[in-house]
Structure formats: C-alpha cells, structure tokens
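**Q** Got a predicted model here, sequence first, then my questions.
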Protein chains: 2
Amino acid sequence: MSSATTSSTAGRPHLWSVDEHLEDILSTVQPLDPIELQILDAQGCVLVEDVTVPVSLPPFDNSSMDGYAVRVADVTGASEEYPAVLTVIGDVAAGQAEQLTVGPGQAARIMTGAPLPPGAEAVVPVEWTDGGLGAGPVSSMPAHSSAPEGASGEVRVHRPAEARAHVRAQGSDVQAGDRALTTGTVLGPPQIALLAAIGRGTVRVRPRPRVVVVSTGSELVQPGESLSHGQIFDSNSFALTAAARDAGAIAYRVGAVSDDAETLRSTIEDQLIRADLVVTTGGVSVGAYDVVKEALSSVGDPDEEDGIGAGSGVEFRKLAMQPGKPQGFGSVGPDHTPLLALPGNPVSSYVSFELFVRPAIRALMGLPADTLRRPTTRAVLTADKALTSPDGRRQFLRGVHDAEAGEVTPVGGSGSHLIAALAQADALIVVDEDVTSVEPGTEVDVIRLA
Amino acid sequence: MSSATTSSTAGRPHLWSVDEHLEDILSTVQPLDPIELQILDAQGCVLVEDVTVPVSLPPFDNSSMDGYAVRVADVTGASEEYPAVLTVIGDVAAGQAEQLTVGPGQAARIMTGAPLPPGAEAVVPVEWTDGGLGAGPVSSMPAHSSAPEGASGEVRVHRPAEARAHVRAQGSDVQAGDRALTTGTVLGPPQIALLAAIGRGTVRVRPRPRVVVVSTGSELVQPGESLSHGQIFDSNSFALTAAARDAGAIAYRVGAVSDDAETLRSTIEDQLIRADLVVTTGGVSVGAYDVVKEALSSVGDPDEEDGIGAGSGVEFRKLAMQPGKPQGFGSVGPDHTPLLALPGNPVSSYVSFELFVRPAIRALMGLPADTLRRPTTRAVLTADKALTSPDGRRQFLRGVHDAEAGEVTPVGGSGSHLIAALAQADALIVVDEDVTSVEPGTEVDVIRLA
C-alpha cells in the first residue's frame, strides 16, 4: 500500500478493473468450514458430504390406496353382478403394530401407506367394493372410531385385481446404498424432504456466513432521530444489511461509527467474534478524514501483532468503474477475517455490494464459482437520448428491465447520491470501459438485481 | 360436507378443478392486518402506506469530491503554470458542527458530502491542486490526524471551475413532499435504503404470515430415530416448513401427530395462538383412519362453539388432479384461522403446497394477485417415450427444466411416493385434464419450482 500523496504527473494513476478486483477478492475468500446442522437449519446451505440411502424407500411393500388387501385368485372374474365375497379379517392401518395374515377367501381392510400383509398379493380400492355394507359400490370407508364393525364381516369385491396392483414395492423410490444427494447440492425444500425421508435428522453443510456491516461518517444520524445542519441519515448500513440477508448471510448491522480511527478500530475488533466477513462503508477516498483508510492502513504491519492489526493487510485501490471508484479489500484480526471497505455514497456502496460483496458471501457459502455473480442478460436500451459514460470507466447505471420486451430503461442520472432512483430500479445497465456513448436502440448488458 | 359413504352409481363423483379450488382458497384468505415494523424487520414485506419525503435529499448543498471550496472568480483562468493561489481557511468535514465562510482569495478544504460553506460557489477536486504542498498536483490529502497543517496555509489551484461544479444541490435526489414509495411496494434492500435515507426508522407493512405445519400419521417417526416394522420417517413436516419459509412465511414445524382425532384437535387448538395459517398433511382421503377428515369435519357445526370447532368449517374435496386428489380447506377456531389439509403422500403434499399453500401465504402477505402463483413457462418435452396422463385429471410431473434450451425432461415416474425424483427436479410439467398422452417434441406448460 502506498501512502504517498503526490502522484506522478505522467498521466492517469493505475486503475484496477472490476474483474481484477473481484478475482482478487474471490482468490482470498475461502468457503467456511462445514458444520453439522439440523436439516431445517441447513435450508439454502451447500451440502458437504455424499449422502447414501441407509434403508430403502419405501422400507416395505405398502398400499397406494385405501381398500382391501386380497389374494389375486380370490377376486378373479369378480364383477358388480357376480362379486367375490371375502371375509374381512381386520384392519391394516399405517403405523399399526399388530400383523395380520390374509388366507384364502379372506381380505384385510388396508389404508394408504400401510404394509401389505403376508398372504395378500394385491389391493382393491374401496371404490371397487361394497365397503362391507352389502349394497352398491361405496366411495369411502366410515371412520373406524365410529364404525368399528367395518373391520369385520364380509366385503363384496366388484372387480378383479392383478398381482401387485396398487402396491408400492419396497425400494421403488430409492434403494439402500444409493447415492441420495451429492456433495455440493444446495438444500432446498425437496432435498430436505429426501433427507428426512431417509431418516437424516442432521447433515453436514457450510453454514451461512455472518456478515457485520459498519457504516462510517460523523455526519450520520440514525433514522427516526432528528437532523442538525450538515447531518444526513445513515442509510448504507440498513441497505447493506438487508442486501447481505438477501444474499444468504446472517447479517448484523452495527450503528454508524464517527470518523475517528481508534473508535473504528475498536468497533471492528469487538465485532470480529461474530464476523465471517466485515463490510464497511465510507472513508476510503482521498480526503483528510477518510477514517477507514486511516484505521486499516496499518493492518498487517509487523508492529501490529494484536487485534485487527494482526490481519494480512487491507489494500485501498482505485477501480475503473463508476460509481464505486475507491475500494478497499483485505483481511483483519488474528483469524484473517476478510474485510471489504466500500465507498460511502449510497449508490456507490450498493453497486459495490452487488459486484463484490454478494459474490464474496456466496463464495463463503461454498456455492459454485459460476453462480457467484448475478447473471448478466442483454436488453435493448430505450431512452430519450444517448447515455454518456466516462472513457476508461465501466459504468453501472440504474435501470428498469422489461424482460418480456427485452428492453431496459435508465432511471435517474449517474449521480452516486441518487437513492430515490435506485429504489425504482430493478437492474444495472453496464456500459463498458471503452464505450463513451450508447444510443437508444443499442443492445446493452443488464444485471438483474432481484 | 357429506358423510355419506355410499356414492351414486351413476358415473364419476364430482371433481373440482385445480383453478376452482385455488380460487375458493384465495377468496377466503385475506391479507394480514398491517403493523409498524423496524425497517430491517420489514424486508420482503408489502408497504401499506404512501411514504412522503419529509426533508429534501440531500438536505443541503454538498461536495461530491474531496477538494477545495472556492469562489469561481478566484480560479478563473487558473492553470498548472499559472495557478490560483488561495488562502486555506480551514477544513469542512462531513458532520462537522463549526461553520466557515469563504471570502475572496480564500478556499476551504472540503470533504465529500460536507456542506458547501457560505461564500463558496464550486469545488475543485484535490487532484486539480497542489494540496497545499507547494509542489505538483497531488492525488489525495494527508490524514488530518497526522498532518493538521493541511487545513491552513496556501493551496495552488491548477484549473478553473464553473459555478456549482462538483456540488450536489439540495433536493437533487428527492424533494420534501415527494412521494418516496407507494403503498403496495415490496421492500427490498434499495427501498429500505431510501426509507432510511429520508429518516424513517419504522414503516407500516403487512407482517410475514406465521404458518404452523402439522403432519399426521401413526406410522411417522422423527428422522434420526429408528424405524420399527410398518414405520416410515416423517418428511412432509420438514419439506413444507422449508417450503413455507421459502415462500416468505415464518414457519413452525409441529412434530407428527398420531391418527387420533382428539389428539389432533387439541394439537391444532394449542397452535392457533401462533398461527395465521395451519397446514396439515395426511388423513384426508377415503380410509377408515383419516384423522384430519374425522377431526375437522365437525368444525362449524352449531354445537361446536369452542376451540377449533368455532371456525367456519373445513370442506374435503376431490380434485381433478394427480397427484393431490384429496384436499381439505376451511377455517378453524374463534379467529377463523385458515387451514389447508393436504394429502399425505410426500409428492402429493409438496405439489399441493406449491399449487395452493404458496399462493395463500403470498395472499396473506398482501402481494398482488397476479404474483401469487409461480409463473408458468413453455418448454419442449424431451423424453424417450410419450407421457401418459389420466383422462379428466390435470397431471403435475416432476421435471428438469433447461431454460436456455427451452426444454424440459421428466425425472422419475408419476408415483406420488417418489421423493428421490422430486429432489432432482426443478420444475413441474403440467399435462392438462383433456390430454392423455404427450409425445416427445411437444410444447408443454412448465412451472419452475425455484
């Protein structure tokens, strides 16, 4: 890191590209160590084990219908006119401990999911029988609690059944020893369903990253309080905490810290115990009160053995982008906790979050490299006049994307203080470094924000 | 509700369509009453007020750069060869209480975001000056803490500045009295940013619905425990709790309840205090142990004045769909809490959740009617052989959707017990009621599940 304030007069200082900066971040940020979590706590997390099926599903042959478990020979040729009349030996309900055996001329009344009893070869649905009432076909069984006699007496079966009819075979879903889920799978509701179904109460995953968000600025006031002259409300810490949660993190918002280097250092140090990633906003530019730069520039110096100073260092850079030119990145503290220092203008910090912090959070989660960034799509620019963009800077303008029409329309200007326009946008319009003007009707890159 | 078990023999019983059932649900489920929440707790919620800007943003003219606040006449014609030499009267930092006035021949060193001092008309960036060091142009200011002399002495300005250059005008983002956000807006990170920026600490929104998930079945065992004969692991309560969270709800998983009507009634009654919606699985079909049907059939009877019986009633229906034919819907308890009773087969309950519960949760959140269901898209069926589907039933098959190729491929069969295939799927393939066979290469409706 250079602390020189006098630049060479020989043209522009070096600017890092957006891609270089992101690559540097992603080459440093490693996936979090896996832990064993209850399956419902693992929702959205990446699996870090190959899960094998311990017991086949279903674990036993079972009925797919409410009906009667029968022997095929006993119902051969049955019709409504000439029903097969069978003796009902009892009920087979799901989860019932008692076991019945179906002999010749017998039937067991059976419920969906209940094990096919020994002796039985098929299930006839209750709708194919008189339900034991001696009249025409029925549409359902009476509740056992109010009509226990349904589990005895005789039943007339009106149709024949082939062997295995309405029987789900043991192992027809998955077999013991099958690979249920492979490492790297993201656990959504269906995967959690499968884990539960094969009896897994807990699972090994990478946890959600804990992200601590600190905004800086002596001018910042908590929303809901009142402003004095020269003060504004802190919005960055709210926006980035919400954005971090949206990206899958457990995010902690720390109130705005004033522009005092010692206060900032001790605040970050206090927070490290609950941080997998620290995000700051403000104080990274070229001013005389840029507290983040001041507080973190000494991190990694041999003299700094304790606290946040024990990290590997934080590098402050200028990027070839607008908004978001000044950026800091490195690690702090004894665990080398990654830290991203974003600029303080609200639009700059939000765009920087999208481009750099979101991929870092997803990398901590262990998500695949090709899914860390938001996808880019193409759309035709609709606007009253050409967009202008500074030469040599990649510009990210706020836009409204109409996916169906394949169009994108800028909202608000390029000013990095324009929060109202950001709140109307659902996309970023990307104007490349070598493009200084984009005519309406041109196709542009678009990053969808939601 | 009919409790008759003898059906007419005159053909099929009436089947409700999927759309009819969903319409009935959505005509009953009303958006939750709004409450005032901290803005970060309101993430993902629907705003229920028009939010007006109380104070313009920015609240005052301020600098967009780190530099020097000057009078335009003082820097007219300035160049590196013939710099304008100005007396530095002090620093204007963001959030600083002290106010300076810039007179003729004077400059105030100013930081990004700090108020433009009286007398000054423009800001020249520090890079256009010698930074007070008396040498060439500089790229930044030294930190005030280590070099306080930077706030005094002389500065050489190398370029002229137009009036208002690098000044963000008061109100250039939003003006006091402007509509910041309108009722019905879903609050994402950028909207939370805007609320904070205009000083709103809390906001009026519809809260996230609290959804209680109860699975039923005497055969169900908690994952992680061991199975006896005839038992299976409870997966539905896990799958639906995860799916409810995914849909935006605060979901509570209640352990599986055995097939005993009184136990189920008292369990549901206990849970009503924290439920905006109750979802049950299992016990809704035509068997003799269908406990949900048994326990809830008397709800709404005049004799049932207390507990869950005080609701409006729960109706059990057969739907023209596969999987998921038997469904229950109604309301229970003194607050008429909506209840959806889903079938117990894992795939049936999951598909039913997607089709009916997810829209109900989103309706409780107050989301717009046209966004309650997941969007349907079209894709070309790729398969080895034709899909078959029962006549008169809308079939929902599990599939893998390749959006780029515009193709969908079925995974697993139509069996409603096939959880493993569900865990590989990311879409449902819809086969309409009047279609019994779909050839590969045909375009089909596809519902994306994630």
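**A** The structure has been received and is ready for your questions.

**Q** looking at the sheet around A:Ala107, what are its partners?
**A** A:Val88 (DSSP bridges).

**Q** is it true that it touches A:Ala69?
**A** Yes. Using C-beta atoms under 8 Å, A:Ala107 is in contact with A:Ala69, at 6.5 Å. Every residue, glycine included, has its C-beta placed from N, CA and C.

**Q** Find residues that contact each of those two.
**A** The contact sets of A:Ala107 and A:Ala69 overlap at A:Ala120 (C-beta atoms under 8 Å, 6 or more residues apart in numbering or on different chains).

**Q** Would you mind listing what in the stretch 301-450 of chain A touches chain B?
**A** A:344-346, A:350, A:415-423, A:425, A:449-450 (C-beta under 8 Å from any C-beta of the partner chain).

**Q** Low-confidence stretches in the stretch 351-450 of chain A?
**A** Judged against pLDDT under 70, the stretch 351-450 of chain A has no low-scoring part.

**Q** and if you look at the stretch 151-300 of chain A?
**A** In the stretch 151-300 of chain A, no residues with pLDDT under 70.

**Q** can you give me the helices in it?
**A** A:189-197, A:236-246, A:261-271, A:291-296 (DSSP state H, counting those that start in this stretch).

**Q** Redo those helices as TSV? Include mean neighbour count and distance to chain B.
**A** Converted to TSV, those look like this (neighbours: other C-beta atoms under 10 Å in any protein chain shown; distance: least, C-beta to the nearest C-beta, whole Å):
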stretch	mean neighbour count	distance to chain B
helix A:189-197	26	3
helix A:236-246	27	3
helix A:261-271	18	7
helix A:291-296	26	5
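
**Q** closest to A:Gly153 out of those?
**A** helix A:189-197 (36.5 Å; C-beta to C-beta).

**Q** what distance separates that closest one from the centre of its chain?
**A** 16 Å (C-alpha atoms, centre = their mean, to the nearest Å).

**Q** Looks like A:Pro326 contacts A:Ser285 (just checking).
**A** Yes. Between A:Pro326 and A:Ser285 there is a contact at 4.6 Å, judged by C-beta under 8 Å.

**Q** Common neighbours of the two, please.
**A** Joint contacts of A:Pro326 and A:Ser285 (C-beta under 8 Å, 6+ apart) are A:Pro343.

**Q** what's the burial count for the closest residue to A:Gly77 other than its chain neighbours?
**A** Once flanking residues are discounted, A:Gly77 sits nearest to A:Pro160: 6.1 Å by C-beta to C-beta, 6 or more residues apart in numbering or on different chains. For A:Pro160, the count of nearby residues is 19 (other C-beta atoms under 10 Å in any protein chain shown).

**Q** List the residues that contact A:Pro160.
**A** A:Pro160 is in contact with A:Val72, A:Val75, A:Thr76, A:Gly77, A:Ala78, counting by C-beta under 8 Å, 6+ apart.

**Q** That one and A:Thr281, how far apart?
**A** 75 Å (C-beta to C-beta, to the nearest Å).

**Q** try A:Val124
**A** 69 Å.

**Q** Over to A:Gln271?
**A** From A:Gln271 to A:Thr281 the distance is 14 Å (C-beta to C-beta).

**Q** What of A:Leu296?
**A** Taking C-beta to C-beta, one finds A:Leu296 at 13 Å from A:Thr281.

**Q** so what sits against both of the two?
**A** By C-beta under 8 Å, 6+ apart, the residues touching both A:Leu296 and A:Thr281 are A:Ala341.

**Q** tell me the strands in the stretch 101-250 of chain A, going along the chain?
**A** A:106-110, A:122-125, A:154-157, A:167-168, A:179-181, A:202-206, A:210-216, A:220-221, A:232-233, A:250-257 (DSSP state E, counting those that start in this stretch).

**Q** other SSEs contacting whichever helix or strand A:Ala421 is part of?
**A** Under the criterion of DSSP states H and E, A:Ala421 resides in helix A:419-424. The elements that helix A:419-424 packs onto, with contact taken as 3 or more C-beta pairs under 8 Å, 6 or more residues apart in numbering or on different chains; DSSP states H and E, are helix A:346-352, strand A:394-402, strand B:179-181, helix B:189-197.

**Q** Can you tell me which of the residues of the stretch 301-450 of chain A next to chain B are classed as buried?
**A** Among these, those that count as buried by neighbour count (16 or more other C-beta atoms under 10 Å in any protein chain shown) are A:344-346, A:350, A:416-423, A:425, A:449.

**Q** Could you export stretch A:323-338 as PDB, keeping only the C-alpha atoms?
**A** Output of stretch A:323-338 as PDB, limited to C-alpha atoms (Å, rounded to 0.1, in the frame of the first residue of the first chain):
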ATOM      1  CA  PRO A 323     -19.900   4.600  -9.300                       C
ATOM      2  CA  GLY A 324     -17.600   2.900  -6.800                       C
ATOM      3  CA  LYS A 325     -14.100   4.000  -7.800                       C
ATOM      4  CA  PRO A 326     -12.400   3.800  -4.300                       C
ATOM      5  CA  GLN A 327     -12.500   0.300  -2.800                       C
ATOM      6  CA  GLY A 328     -10.600  -1.400   0.000                       C
ATOM      7  CA  PHE A 329     -10.100  -5.100   0.500                       C
ATOM      8  CA  GLY A 330      -8.000  -7.300   2.700                       C
ATOM      9  CA  SER A 331      -8.300  -9.200   6.000                       C
ATOM     10  CA  VAL A 332      -8.200  -8.200   9.600                       C
ATOM     11  CA  GLY A 333      -7.600  -9.700  13.000                       C
ATOM     12  CA  PRO A 334      -6.000 -13.000  14.100                       C
ATOM     13  CA  ASP A 335      -8.300 -15.100  12.100                       C
ATOM     14  CA  HIS A 336      -7.600 -13.100   8.900                       C
ATOM     15  CA  THR A 337     -11.300 -12.200   8.600                       C
ATOM     16  CA  PRO A 338     -12.000 -10.800   5.200                       C
END
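
**Q** can you give me the mean pLDDT across that stretch?
**A** Here stretch A:323-338 scores 95 as its mean pLDDT.

**Q** So which bits of that stretch are buried?
**A** A:323-333, A:336-338.

**Q** Out of those, flag the one nearest to chain B.
**A** Ranked by distance to chain B (C-beta to the nearest C-beta), these are led by A:Pro326 at 9.7 Å.

**Q** care to break chain A down by domain?
**A** A:18-32+A:207-371, A:35-57+A:172-206, A:62-168, A:376-448 (automatic domain parsing).

**Q** got the contact list for the residue in the stretch 301-450 of chain A that chain B sits nearest to?
**A** Closest contact between the stretch 301-450 of chain A and chain B, by C-beta to the nearest C-beta, is at A:Ala423 (4.0 Å). Counting by C-beta under 8 Å, 6+ apart, A:Ala423 touches B:Ala180, B:Leu181, B:Pro190, B:Gln191, B:Ala193, B:Leu194.
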